[in-house]
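Peer 1: Give me coordinates for this.
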Amino acid sequence: MLTPEELPISDESISRREYELLHRELAEAHVQNRSLRRQLEKALAAVTESQRAHAKMVATLTETMRENTILTNDRDIWRTRAQRLDAGLSADPYTEQLPADVSTLAGQLSEDEVNAIRKAMARLHHPDVGGDPERMKAWNAALDRLNR
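Peer 2: Below you'll find the predicted structure:
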C-alpha cells in the first residue's frame with residue numbers, strides 16, 4: 001500500500017488530503033473486517049458446538065427410549081405372570097398348551113425343516129434359557145415322531 005508521501009500527485013489526480021482520508025477509511029475497513037471475521041469464527045464455533053450437543057442429546061434420548069422400551073416389556077411380562085398366578089394359573093402360558101398333533105405333518109416336512117423347528121422351540125422352551133422342561137420334552141417327543 002502506498003503512503004501519502006509516495007503518491008505521485010498531479011493536478012488531475014486526487015489531492016493528498018483526499019488520499020489520506022481514503023487511506024484512513026481503508027485502514028478502518030481492514031480493522032472492521034478483521035473484527036467481523038473473528039466474530040464469524042466465534043459464531044461458527046458456537047454452531048459446531050451446538051450441533052455436537054444436539055447430536056449427543058439425540059443419542060442420549062434414543063438410548064433412554066430403548067431402555068424404557070425394554071423395562072416396559074419386562075414390567076408387562078412380570079405383571080402378566082403375577083395376574084396369572086393370582087388367578088390360579090401357571091405363570092407361563094405356554095405350559096398349558098401342548099404342541100398340536102404334528103402327526104398330520106408326517107411326510108410333508110423334510111428332516112432339515114424338522115431340525116429347524118426343534119432349534120426354534122429349544123430357543124423358546126429349553127430349561128437352559130429359562131423355559132419349561134415339560135414343554136421342551138413335549139416338543140421333542142412330537143418332533144421325534146416326525147423324524148421316523
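
Peer 1: Which residues lie in contact with the most centrally placed residue in the chain in this structure?
Peer 2: When Cα atoms, centre = their mean is applied to the chain, the residue found nearest the centroid is T62 (5.6 Å). Contact analysis of T62 by Cβ atoms under 8 Å, 6 or more residues apart in numbering lists nothing. Bear in mind the C-beta positions are built from the backbone N, C-alpha and C, glycine included.

Peer 1: does it count as helix, strand or coil?
Peer 2: helix (DSSP: H, G, I helix; E, B strand; the rest coil).

Peer 1: Report pLDDT for it.
Peer 2: If you check T62, the pLDDT there is 92.

Peer 1: do the one 10 residues further on as well
Peer 2: Listed pLDDT for T72 reads 89.

Peer 1: just E134 next, same as before
Peer 2: Residue-level pLDDT assigned to E134 equals 85.

Peer 1: Now name the helix or strand holding E28.
Peer 2: helix 16-86 (DSSP states H and E).

Peer 1: sorry, that was for L124
Peer 2: Using DSSP H and E, L124 falls in helix 111-125.

Peer 1: now that helix, how far from the centre of its chain.
Peer 2: 32 Å (Cα atoms, centre = their mean, to the nearest Å).

Peer 1: how far off helix 111-125 does the following helix or strand past that helix point, in degrees?
Peer 2: Next in sequence after helix 111-125, counting helices and strands by DSSP H and E, comes helix 133-147. Counting by axes from the mean of the first three to the mean of the last three Cα atoms, to 10 degrees, helix 133-147 lies at 180 degrees to helix 111-125.

Peer 1: If we go by neighbour counts, what in helix 133-147 is buried?
Peer 2: For helix 133-147, the neighbour count (16 or more other Cβ atoms under 10 Å) marks R135, M136, A138, W139, N140, A142, L143, L146 as buried.
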